[in-house]
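**Student:** all I have is the shape, not the residue letters:
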């Protein structure tokens, strides 16, 4: 969903659509992906049709990744809202690139950043 929404933002330069995605990132970062709007859709619409999970992921890297997305979305809002518009486009494109990596290849860039920072901190 994030990939589709961010692609639509790039196509339309919609401040309101980016604001909605920013809210999704904020909820995911603050409360966890499980409580975000997309997480709730997954839990109530898709999860009942799937088998039980074999393993669970640690929530901390996912929350960190949502926080990174939140930062890029906020920068995008500033760019689209007050200018320069290229800043909105660039920040949204960066968030889209990370979301695409996750949706297409299962590679969570924000999660990897989290792990690298944890290792660096010792």
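**Tutor:** That came through, no problem. Quick caveat, the model's predicted, so the values are computed rather than measured. Residues are numbered from 1 along each chain as shown.
**Student:** got the end-to-end distance for stretch 41-57?
**Tutor:** 18 Å (Cα to Cα, to the nearest Å).
**Student:** for the chain, what spans make up the helices?
**Tutor:** 2-12, 15-31, 37-41, 59-82, 85-105, 109-121 (DSSP state H).
**Student:** packing partners for the third one?
**Tutor:** It refers to helix 37-41. Counting contacts by 3 or more Cβ pairs under 8 Å, 6 or more residues apart in numbering; DSSP states H and E, helix 37-41 is packed against helix 15-31. To be clear about C-beta, it is placed using only N, CA and C from the backbone, and glycine gets the same treatment.
**Student:** what does the helix it packs on contact?
**Tutor:** Surrounding helix 15-31, the residues in contact under the criterion Cβ atoms under 8 Å, 6 or more residues apart in numbering are 2, 5-6, 8-9, 35-39, 62-64, 66-67, 69-70, 73-74, 76-77, 80-81, 88, 92.
**Student:** that helix - what's its average pLDDT?
**Tutor:** Average pLDDT, helix 15-31: 97.
**Student:** got the angle between that helix and helix 59-82?
**Tutor:** In terms of direction (axes from the mean of the first three to the mean of the last three Cα atoms, to 10 degrees), helix 15-31 departs from helix 59-82 by 150 degrees.
**Student:** mind listing what's buried in helix 15-31?
**Tutor:** 17, 18, 19, 21, 22, 24, 25, 26, 27, 28, 29 (16 or more other Cβ atoms under 10 Å).
**Student:** report the two of the residues you listed separated the most.
**Tutor:** Largest separation among the buried residues of helix 15-31 by Cβ to Cβ: 17 and 29, giving 18.9 Å.
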